[in-house]
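Engineer: predicted model, plus sequence, below.
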Amino acid sequence: VSTWTLNTSMQTGTVLNIAFSPDGAFMAISPDRYAVQVWDVTNHVFLYRIRTSFTGAINTMAFSPDGLVLATGHYDGMVRLFDVQTGDLLLEFNTGAVVQSLAFSPDGQILASGGNFEHSSVQLWSAGSGSLLRTLENSSAGITHLLFSPDSKYLVSASYDGTLRLWGIRP
């Protein structure tokens, strides 16, 4: 990286969405919104594909902080959590709205989801059980990005209308 020299090229096909595991060992890509491909970055090897339905198009992906879980957010309102090593489905739950964005808290206990312009709230979920912990009402457009601060004190939401909101997280 210090020389900005091309390390390698990987032929993955079209990429509409991409996420790196925190340790950089895995990369998840969505080639067409109807599947996720997981790649071993170290060995430059395709590992497996997770398919979804037409109504379940993938809008967003996020790795857990420990890199063991991949969360996907879908057009049909579903959030699905997969075991990164095997691709097995661990948990799924319905948010009730198109999922535009996802973010794990630094400790991996909370998964935040952001809705689209019709349901622009931020929902906080237990990453272990999928139970809804809290809804943060957002009066502006859909949530394009979510990000927890490294100390877990704040959650930032970004909206299509250009509004950033800094939410204080209670223990």
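Structural biologist: Cool, the structure landed.

Engineer: contacts and neighbour counts: CA atoms only from here.
Structural biologist: Will do.

Engineer: distance between stretch 78-85 and the chain's centre?
Structural biologist: Relative to its chain's centre, stretch 78-85 lies at 10 Å (Cα atoms, centre = their mean, to the nearest Å).

Engineer: my bad, stretch 149-166
Structural biologist: 15 Å.

Engineer: going forward can the numbers begin at 813, since that is how I track them
Structural biologist: From this message on, residue numbering opens at 813, which makes the last subject stretch 961-978.

Engineer: now the terminal residues of that stretch, how far apart.
Structural biologist: As for stretch 961-978, its first-to-last residue distance stands at 10 Å under the measure Cα to Cα, to the nearest Å.

Engineer: now do that stretch, average pLDDT.
Structural biologist: Confidence over stretch 961-978, taken as the mean pLDDT, stands at 90.

Engineer: for stretch 927-935, same thing?
Structural biologist: When pLDDT is averaged along stretch 927-935, the result is 86.

Engineer: now that stretch: how far from the chain's centre is it?
Structural biologist: With Cα atoms, centre = their mean as the basis, stretch 927-935 stands 15 Å off its chain's centre.

Engineer: can you give me the buried ones in it?
Structural biologist: With burial defined by 16 or more other Cα atoms under 10 Å, the residues of stretch 927-935 counted as buried are G927, N928, F929, H931, S932, S933, V934, Q935.

Engineer: mind listing residues that contact that stretch?
Structural biologist: For stretch 927-935, the external contacting residues (Cα atoms under 8 Å, 6 or more residues apart in numbering) are 907, 909-913, 924-926, 944-956, 969, 972.

Engineer: picking up where we left off before, could I get the buried residues of stretch 927-935 as CSV with secondary structure and distance to D900?
Structural biologist: Compiled in CSV, the buried residues of stretch 927-935 are given as follows (DSSP: H, G, I helix; E, B strand; the rest coil; distance: Cα to Cα, whole Å):
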residue, secondary structure, distance to D900
G927, strand, 25
N928, coil, 27
F929, coil, 31
H931, coil, 29
S932, coil, 30
S933, coil, 29
V934, strand, 27
Q935, strand, 24
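
Engineer: how about those residues, which pair is most distant?
Structural biologist: The widest separation within the buried residues of stretch 927-935, taken as Cα to Cα, falls between F929 and Q935 and amounts to 14.3 Å.
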